[in-house]
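Trainee: no FASTA, just this:
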């Protein structure tokens, strides 16, 4: 009876053949974080002003499971690296950010001879480490943001390189609510703009990589 129930349960999801796509790649992500940008421009940029969108390096790993013929679910882990520095009269101002972005994702899947297309998105927690070195301080400060939340919408194209190996092109848009970072219980306060600095951001990215299906 249990076996019959299991067969009926799996059949209701339309399972035909278990398949997992594992992919990895890297690329560029352009993000707009207005609070962070205004803080740097007002206090430390001088003639080296930040534009509305800043470029960062993004690394991506992902595993997706085919639930139905045209439907996949999976988990991705994206990691962004960003840095900025500027020389001032009292010394150099340096700031860097590491952004961790795991997400649960779901896709509509289109397959053909030698190719796959995926359209979908997902949500997940966000974690940010910001390190800042002020010109008049000997040591840098390492700020942690509270656990945030973010969403991603993406489209991916895979074309075969032979066998089960594919080339990957991933285009994505993200909104990440990262909150206000703290160091020893204190937030970054922008004296000129009279506001706490937050790291909320909107980003678009392009990632190139490889994928393997099994």
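Mentor: Here it is on my side, so go on. Small disclaimer: the values here were computed from a predicted structure and weren't measured.

Trainee: elements contacting the lengthiest strand in the chain?
Mentor: Ranked by number of residues, the top strand in the chain under DSSP state E is strand 91-112. Packed against strand 91-112 by the contact rule (3 or more Cβ pairs under 8 Å, 6 or more residues apart in numbering; DSSP states H and E) you find strand 54-68, strand 71-88, strand 115-133, strand 148-162, strand 165-177. Every residue, glycine included, has its C-beta placed from N, CA and C.

Trainee: chain center to that strand: distance?
Mentor: 1 Å (Cα atoms, centre = their mean, to the nearest Å).

Trainee: low-confidence ranges in this protein?
Mentor: 1-18 (pLDDT under 70).

Trainee: Turn the helices and strands packed on strand 91-112 into a markdown table, including mean neighbour count and distance to residue 44.
Mentor: Output for these, formatted as a markdown table (neighbours: other Cβ atoms under 10 Å; distance: least, Cβ to Cβ, whole Å):
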| stretch | mean neighbour count | distance to residue 44 |
| --- | --- | --- |
| strand 54-68 | 18 | 14 |
| strand 71-88 | 17 | 6 |
| strand 115-133 | 18 | 9 |
| strand 148-162 | 17 | 24 |
| strand 165-177 | 18 | 23 |
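
Trainee: Include distance to residue 102 when you put these into CSV, please.
Mentor: Shown next, in CSV, are the helices and strands packed on strand 91-112 (distance: least, Cβ to Cβ, whole Å):
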stretch, distance to residue 102
strand 54-68, 10
strand 71-88, 5
strand 115-133, 5
strand 148-162, 9
strand 165-177, 12
